[in-house]
Each structure stands twice: as C-alpha cells, then as structure tokens.
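A.B. asks: Make a model of this:
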Amino acid sequence: MKLIILDRDGVINYDSDEFIKSPDEWIPIPGSLEAIARLNQAGYRVIVATNQSGIARGLFTIVTLNAIHQKLHAAAQQVGADIDAIFFCPHAADDNCDCRKPKPGMLHEIAQRFEVSLKGVPTVGDSLRDLHAGFVAGCSPHLVLTGKGEKTRDKGGLPPGTTIHADLASFVDDLLKKSADVQSST
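C.D. replies: From the prediction side, this is the model:
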C-alpha cells in the first residue's frame, strides 16, 4: 500500500495564528486539493494527521471540527480527490499526551490502523513538530514553505533527510516525477 501523511493547516489549507475555528475559516491553498487528486490517481492513500488543540482550549467543539472536515472532504471530492482518513489530537501541549505532534503517537496509530510500516512513508508538514513526529516514526520528512514553512526552514533544526518544497503541489510533482523515473529505469 502506498501511503502519504499530510498535516492539515498550512499544508492543505491556509493556517491562522488564531486557529481555524469554523468551516468558513477553512480555505484551501490553491492547488492543494488537486495535488491530493493526483496522489490518488497514482495509487496513494492520503491520510491527514493534525494537532487540533483549539478543542482543549475551548475555541471550538468536536462538532465544529467535524463540520470543518466535512467541508474538506466535500471540497476534495469536487476535484476528484479522496482523503482516506483524518487523525487528530484534541489535546493542549501541557496535557502531555502521546498523540500530539512532535510525539509520534498519532503516526503510530495510523500505522496500526492501516497495518503498515511507516518506514519511508512521506510525511508533509509546515512545522518542526510535523517533521519530527514523522522522522521519529520512520517516515520520510518533507517541508512545504506554505503556512509556517518558511519560518520553520529559517529556524533550522530540520530532521536529517528533510526535503523542502514550495507547496503541496510541488511536493506531489517531485514525488510523481521520481516515481516515473524509477519505473522508466527498471
């Protein structure tokens, strides 16, 4: 099974320092949903792994989060994209849970649910915590410069082997080109 793990805010949709608290605030980054459709067409299953501490902070409810994700699914389907699952951590940083990135618990849960090894599975994020969670879980880390990505790149401290891309569409271009190159050389 070919799997890709994507962060949500700053990768698929615009991010906000005030959190995405309603479906109206969820706005896709141009080209991101079409990039997911291209991943699907290439045989990838797309999983979203996202910290959503706004729930613990009382900024929105699980019902609102479900409505935001319903909008994400509907917008994706309009361009022929399918997101297989959305995993989220509802906890605040001081809850010390295992599922909040940069801890790898959410990614381990994905591996267990889909019965796969995460070794080499691409994980795409715009923050160090996304990349570190993926790296610790054995994933191949990819930084996009959308969302908080430019600040993340400029801070440094990226996990070894991190590849940098302008946005999700550029990541998909690179991934599919490498896959085509590998297939043509065999």
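A.B. asks: What is the burial count for Leu175?
C.D. replies: Leu175 is flanked by 22 other residues according to other CB atoms under 10 Å. C-beta coordinates here come from the backbone N, C-alpha and C atoms, glycine included.
A.B. asks: got it, and Leu6?
C.D. replies: 26.
A.B. asks: wait, what's in contact with it?
C.D. replies: Listed by CB atoms under 8 Å, 6 or more residues apart in numbering, the contact set of Leu6 reads Ile12, Ile36, Val46, Ile47, Val48, Ala49, Thr123, Val124, Gly125, Leu168.
A.B. asks: So for the lengthiest strand in the chain, mean pLDDT?
C.D. replies: Among the segments of the chain that qualify as a strand by DSSP state E, the longest is strand 44-51. Taken as a whole, strand 44-51 has an average pLDDT of 98.
A.B. asks: Can you list the neighbours in contact with it?
C.D. replies: So strand 44-51 is contacted by 1-9, 12, 36, 39-40, 72, 81-89, 100-101, 106-107, 110, 114, 123, 129-130, 133 (CB under 8 Å, 6+ apart).
A.B. asks: could you redo the last one with a cut-off of 6 Å?
C.D. replies: With contact meaning CB atoms under 6 Å, 6 or more residues apart in numbering, strand 44-51 is reached by 2-8, 36, 39, 83-89, 100-101, 106, 110.
A.B. asks: Pull that strand out as CSV, backbone CA atoms only.
C.D. replies: The C-alpha trace of strand 44-51 is given here as CSV (Å, rounded to 0.1, in the frame of the first residue of the first chain):
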residue,chain,number,x,y,z
TYR,A,44,-1.6,6.7,-2.9
ARG,A,45,-3.9,6.6,0.1
VAL,A,46,-3.9,10.1,1.7
ILE,A,47,-4.1,10.4,5.5
VAL,A,48,-4.3,13.7,7.4
ALA,A,49,-2.6,13.9,10.8
THR,A,50,-3.3,17.2,12.6
ASN,A,51,-3.0,18.8,16.0
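A.B. asks: Give the pairing partners of that strand; include direction for each.
C.D. replies: With DSSP bridges as the test, strand 44-51 is paired with strand 2-6 (parallel), strand 85-89 (parallel).
A.B. asks: residues in contact with Ile27?
C.D. replies: Ile27 neighbours (CB under 6 Å, 6+ apart): Asn13, Tyr14.
A.B. asks: which residues in the chain form helices?
C.D. replies: When assigned using DSSP state H, the helices of the chain occupy the ranges 32-41, 62-78, 105-114, 128-136, 149-155, 168-184.
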